[in-house]
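[1] give me a model of this one.
(one chain, ligands or ions: 2)
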Amino acid sequence: MKITVVGAGAVGATCADNIARRQLAQEVVLLDIKEGLSEGKALDMFQTATLNGFDTKITGSTNDYEKTKGSEVVVITSGIPRKPGMTREELIGINAGIVKGVAENILKYSPKAIIIIVSNPMDTMTYLAFKELGLPKKRIIGMGGILDSARFKTYLSMAMNVSPNDLHGMVIGGHGDTTMIPLTRLATYNGIPVSRFLSEEKLQQVAADTMVGGATLTKLIGTSAWYAPGAAVATLVESIVRDQKRIFPCSVYLNGEYGQKDICLGVPVVIGAGGWEKIISLRLSEAEKATFAKSADAVRTMNNVLSTM
Ligand SMILES: NC(=O)C1=CN([C@@H]2O[C@H](COP(=O)(O)OP(=O)(O)OC[C@H]3O[C@@H](n4cnc5c(N)ncnc54)[C@H](O)[C@@H]3O)[C@@H](O)[C@H]2O)C=CC1
Ligand SMILES: O=C([O-])CC(=O)C(=O)O
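    Ligands and ions are numbered 1, 2, ... in the order given. Modelled structure (predicted):
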């Protein structure tokens, strides 16, 4: 198993590190456009092999796609991150060109790869990759909902003062400050609805904190987050590599599901060796359906920007 991570910045390097520690591949290739960056980070990371107990080889590459040849999974994190006060959507002007160019190069050397898109605005970048590459839809997966759900469970655990590992909950819809939908109604504490433990007001606060989770970190750090994003990508990669058939909300191409067509948006999917294998249809309330439709409208507006570029 060979896995390529494009972009050796904060998210890409953390993702490669998590993949190596979990021994998900024989080789991880880290590629970046910046001279020496990926070689340096790959070597530094490989020097943790005897310390962290893995033997995955980590190779760096300055824009040499030959080294990525035959990758089975490719993660695209290349592009600029937002700064405090910005939205993810404002990154489209620069990141669309980067994602398009990278995805085309990847396809030349790894035509059978499952491609995971991380670069923001993620839902629109996933749509762009799907349209440009012409690959089967199940091999293009946008990562956002896993991270947002992890944040949702963290905020829930802080509000309830319980272990996040006993909490279940999902965030669907777009990966944007105003487009994500934390499904508070369906969240549980080991199967018991969290509404038994938190007031509606507290639950709404948890949902609001989750939605601006990325913006909160960007304000604190000065650039966007990487620990949870890198771990979230590795968890998605693990379900593919180990064919675990786990359910995660991911941005995938919808063709009528959830009442939407010709859009990539976050819905629960089964993740296995084939990529996203099946969309799980949730029984949403009328209010949740309306919020999902609104989220889709906002993402579609961003997608339409692509044709003006
Ligand atoms: N979907 C999600 O849940 C998340 C998405 N993101 C997004 O991921 C992206 C990366 O974030 P960071 O790693 O923090 O940024 P970063 O600036 O630390 O790293 C980005 C890297 O991409 C490289 N790069 C730029 N153009 C390239 C090209 N054409 N080919 C190869 N490499 C290229 C840069 O040299 C840089 O090293 C951003 O767009 C950010 O918004 C970040 C966190 C979560
Ligand atoms: O907030 C950002 O811009 C980066 C990101 O997508 C996240 O951390 O959720």
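[2] Arg185 reaches Glu286, doesn't it?
    No. The criterion here is Cβ atoms under 8 Å, and Arg185 misses it with Glu286 at 12.0 Å. In this view, the C-beta of every residue, glycine as well, is placed from N, C-alpha and C.
[3] the two: who's more crowded?
    Arg185 (14 against 7; other Cβ atoms under 10 Å).
[4] excluding residues flanking it in the chain, which one is nearest the more buried one?
    Of all residues not flanking Arg185 in the chain, Ser285 sits nearest, at 6.8 Å (Cβ to Cβ, 6 or more residues apart in numbering).
[5] what about that neighbour, neighbour count?
    Other residues close to Ser285 by other Cβ under 10 Å number 12.
[6] from ligand 2, how far out is it?
    Between Ser285 and ligand 2 the computed distance is 26 Å (Cβ to the nearest ligand atom, to the nearest Å).
[7] repeat for Thr14
    In terms of Cβ to the nearest ligand atom, Thr14 sits 12 Å off from ligand 2.
[8] which residues touch Val194?
    By Cβ atoms under 8 Å, 6 or more residues apart in numbering, the contact list for Val194 reads 156, 160, 167, 169, 184, 187-188, 203.
[9] output the residues you listed as a markdown table; include the columns pLDDT and distance to Ala290.
    Formatted as a markdown table, these follow (pLDDT from 0 to 100; distance: Cβ to Cβ, whole Å):
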| residue | pLDDT | distance to Ala290 |
| --- | --- | --- |
| Leu156 | 98 | 24 |
| Met160 | 98 | 28 |
| Leu167 | 98 | 26 |
| Gly169 | 98 | 20 |
| Thr184 | 98 | 15 |
| Ala187 | 98 | 19 |
| Thr188 | 98 | 23 |
| Leu203 | 98 | 19 |
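[10] nearest to Glu257, of these?
    Distance to Glu257 across the contacts of Val194 (Cβ to Cβ) is lowest for Gly169, with 20.8 Å.
[11] for the nearest residue to that closest one once chain neighbours are set aside, which residues are in contact?
    Among residues not flanking Gly169 along the chain, Ala187 sits closest, at 3.4 Å (Cβ to Cβ, 6+ apart). Contacts for Ala187 were tallied using Cβ under 8 Å, 6+ apart; they are 152, 156, 167-170, 193-194.
[12] run through the residues that contact Thr223.
    Counting by Cβ under 8 Å, 6+ apart, Thr223 touches 10, 81-83.
[13] check the residues you listed one by one and keep those near ligand 2.
    Restricting the contacts of Thr223 to those within reach of ligand 2 (Cβ under 6 Å from any ligand atom) leaves 81-82.
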